[in-house]
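[1] all I have is the shape, not the residue letters:
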């Protein structure tokens, strides 16, 4: 196992945790949304607005499948990646999947402070954000729960690194 895919609702900390975990593992970090923006020369919000969510999810799936050959990477996926097509199963076949699952109030606080880059939340206020988070959670929880590891804390901690590192080492020793 030479990849870790981070999944979770928007603002669950996938990018922050991904960078932290990659540094701890001495691996590379890839933010899938950032890679899509670089590849297309267009912000995610514009792609969403111009092409719609369904088209964006196809673009996202292509980018996700492009990680196939990467080794020693922590990959932060978009909030909806796991719930589209067979992406969750595919990620489970490719490496370790880690579901970041902080309490919803934390997500709402984060989204209130930083929602301009998130197309689904751009024009929403507190209660509307909370309602959408709950709706997305209900739609996506069955996909997220298929992750090999579930982390329910707000910030990454050494216990997370130890768990991930042990799983990576255990799986690698079985393969080789």
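    Thanks, I have the structure now. Just so it is clear, the model here is predicted, and its values are computed rather than measured.

[2] show me where pLDDT drops low in the protein?
    Applying pLDDT under 70 to the chain picks out residues 115, 172-176.

[3] helices of that one, residue ranges please.
    In the chain, the helices defined using DSSP state H lie at 14-25, 32-40, 44-51, 53-65, 87-94, 104-113, 126-144, 158-175.

[4] dump the ones you listed into CSV; add distance to residue 4 and mean neighbour count as well.
    Quick note: C-beta positions are derived from backbone N, CA and C, even for glycine. Converted to CSV, the helices of the chain look like this (distance: least, Cβ to Cβ, whole Å; neighbours: other Cβ atoms under 10 Å):
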stretch, distance to residue 4, mean neighbour count
helix 14-25, 7, 19
helix 32-40, 13, 16
helix 44-51, 22, 15
helix 53-65, 14, 16
helix 87-94, 10, 18
helix 104-113, 21, 16
helix 126-144, 15, 15
helix 158-175, 6, 13
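
[5] quick one: closest of those helices to residue 119.
    helix 44-51 (3.8 Å; Cβ to Cβ).

[6] report the angle between that closest one and helix 32-40.
    Calculated by axes from the mean of the first three to the mean of the last three Cα atoms, to 10 degrees, helix 44-51 forms an angle of 60 degrees with helix 32-40.
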